[in-house]
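In: Give me a 3D structure for the following:
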Amino acid sequence: MKDNKKIPVTLENLHYLIKEIPPEQFKKNRAKINRKMKESKKIWKEKSKKDS
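Out: So this is what the prediction gives:
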């Protein structure tokens with residue numbers, strides 16, 4: 001997937017497309033998701049304290 005062609009995702013090629021994603025990208029995205037979830041939980045916790 002080094003070229004920027006758009007490939008339609010189908011059940012037949014899904015495994016191939018996922019295999020082509022570098023593992024570093026998964027780690028980077030997971031770290032970002034975890035950080036956003038932590039921020040979200042903090043906001044909702046503060047909001048619930050205000051409502052109580």
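
In: hey, let's count contacts and neighbours off CA atoms from now on
Out: Fine.

In: what stretches of the protein score poorly on pLDDT?
Out: For the chain, the stretches flagged by pLDDT under 70 are 1-4, 52.

In: For it, just list every one of the helices.
Out: 14-20, 23-51 (DSSP state H).

In: C-alpha coordinates for the first one, CSV please?
Out: Extracted in CSV, the C-alpha atoms of helix 14-20 (Å, rounded to 0.1, in the frame of the first residue of the first chain):
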residue,chain,number,x,y,z
LEU,A,14,-9.8,-7.3,4.1
HIS,A,15,-7.1,-9.6,5.4
TYR,A,16,-4.6,-8.4,2.9
LEU,A,17,-5.4,-4.7,3.6
ILE,A,18,-5.0,-5.1,7.3
LYS,A,19,-1.7,-7.1,6.8
GLU,A,20,-0.3,-4.1,4.8
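
In: how far does stretch 5-19 sit from the chain's center?
Out: The chain centroid and the centroid of stretch 5-19 are separated by 17 Å under Cα atoms, centre = their mean, to the nearest Å.

In: End to end on that stretch, go ahead and measure it.
Out: One end of stretch 5-19 sits 16 Å from the other (Cα to Cα, to the nearest Å).

In: Save the helices of the chain as JSON lines, and put in mean neighbour count too.
Out: Shown next, in JSON lines, are the helices of the chain (neighbours: other Cα atoms under 10 Å):
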{"stretch": "helix 14-20", "mean neighbour count": "11"}
{"stretch": "helix 23-51", "mean neighbour count": "11"}
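
In: Of all these, which one is nearest residue 8?
Out: helix 14-20 (9.3 Å; Cα to Cα).

In: follow-up on the earlier one: distance to residue 5 added to the helices of the chain, as TSV?
Out: Output for the helices of the chain, formatted as TSV (distance: least, Cα to Cα, whole Å):
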stretch	distance to residue 5
helix 14-20	12
helix 23-51	19
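
In: Which one of the ones you listed lies nearest to residue 7?
Out: helix 14-20 (8.8 Å).

In: Against residue 21, how distant is the most centrally placed residue in the chain?
Out: The centre of the chain sits closest to residue 29, judged by Cα atoms, centre = their mean, with a distance of 4.9 Å. Going from residue 29 to residue 21 by Cα to Cα gives 12 Å.
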